[in-house]
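**Q** Let me see the structure of the following:
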Amino acid sequence: MQKLTALISSLVLAPALLIATPALAALDWDTALNGKQRSEKNAARDGFRHPRETLEFFGIQEGMTVVELSPGGGWYTEVLAPLLKEKGSYYAAHNSPNGGAYSRRSLGSYLKKLGEDNDTYGNVTVTTLGPADSVVIAPAGTADMVLAFRNVHSWMRGDTLANTLLVAYDALKEGGVFGVVQHRAKDGRDPERMKATGYVSEDYIIAAARSVGFVLDARSEVNANPKDSGDYEDGVWELPPSLRTADENKEARMAVGESDRMTLKFVKPAS
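**A** Predicted structure coming up:
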């Protein structure tokens, strides 16, 4: 009789408990993907880059502190800034103003973009991702998520990959996510060829991330493209959107679309 009474009580109380548990707030994906801040050129890449599916795979939620490494011209900034504008924090760890002519041009263009739309980007915090060991992309242990989109080959070229992974690790909270999207080479490719082509193998990135303490949590094929052979003489830049290829190859490269990409989710474990 006591067991029956306990069971009835649990069934009666369960709905009340469910009602008392707040649901996660919905992110404003409509503004992030279709708002005035999106350039037509950038929005046209959504079919290849799948920003919503990618960020949801990494686990983005309202109120998070998110760091993007090397945001370049701000393709993902157009999506992340409005998602985190009202509740959350977005750090853009860009080039050093003392990193040379290319670094200054890239950073200058990015700052100009932010300055021209303060309503969208007024809360973006720009930090520096540089080669020095002392660089801080966000206060230590505060980030819920650090993201890297198609940049690993550049860090390999500059011999800054290890340091970049370390500063990402330091910025994250325990349990925080390090999300990587990168042009994908077949496992075992020579690192020098990776630098030259932009295609990096999964085994190389996983080993590098593990070497600083990250744990591989999950993989996704959301950004995969089986049409991409990845064996172009001049690398990924022969494909859209760069299309740095001979005129006779352009139609074929357009048919391939953007590169085949790995999407890896790492976690900073509890100490």
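**Q** got the contact list for stretch 76-87?
**A** Contacts to stretch 76-87, defined as CB atoms under 8 Å, 6 or more residues apart in numbering, come from residues 25, 27-29, 31-33, 35, 37-39, 42, 51, 55, 60, 62-64, 66, 68, 71, 90, 92, 110, 113-114, 120-121, 123-124, 147, 149. C-beta here means a position set from N, CA and C on the backbone, and glycine is covered the same way.
**Q** Show me how to select, in PyMOL, the buried members of the residues you listed.
**A** For the buried members of the contacts of stretch 76-87, the matching PyMOL selection, counting by 16 or more other CB atoms under 10 Å, is:
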select buried, resi 27+31+32+33+37+38+42+51+55+60+64+66+68+71+90+92+110+113+114+120+121+124+147+149
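**Q** so of the contacts of stretch 76-87, which ones are in helices?
**A** 29, 31-33, 42, 51, 55, 110, 113-114, 120-121 (DSSP state H).
**Q** Show me which of those is closest to Tyr232.
**A** Tyr232 lies nearest to Asn42 out of the ones in helices among the contacts of stretch 76-87, by CB to CB, at 23.7 Å.
**Q** where does the closest one land on pLDDT?
**A** Asn42 is assigned a pLDDT of 98 by the prediction.
**Q** Show the contacting residues for it.
**A** Shown in contact with Asn42 (CB under 8 Å, 6+ apart): 75, 78.
**Q** Have a look at the protein and report its longest strand.
**A** Longest strand of the chain, by residue count under DSSP state E: strand 172-185.
**Q** helices or strands up against that strand?
**A** Here strand 172-185 touches helix 51-58, strand 143-149, helix 152-157, helix 191-197, strand 200-201, helix 202-211, strand 261-267, going by 3 or more CB pairs under 8 Å, 6 or more residues apart in numbering; DSSP states H and E.
**Q** Show me what the residue nearest the centre of the chain is bridged to.
**A** Residue closest to the mean C-alpha point of the chain, counted by CA atoms, centre = their mean, is Leu147 at 3.3 Å. Leu147 forms beta bridges with Glu68, Gly179, as assigned by DSSP bridges.
**Q** Return the backbone torsion pair for Asp217.
**A** With angles defined as degrees, to the nearest 10, Asp217 sits at phi -100, psi -40.
**Q** Roughly how far does it sit from Phe58?
**A** With distances taken as CB to CB, to the nearest Å, Asp217 is found 10 Å from Phe58.
**Q** Those two: which is more packed in?
**A** Neighbours were tallied for Asp217 and for Phe58 using other CB atoms under 10 Å; the higher tally belongs to Phe58 (23 against 15).
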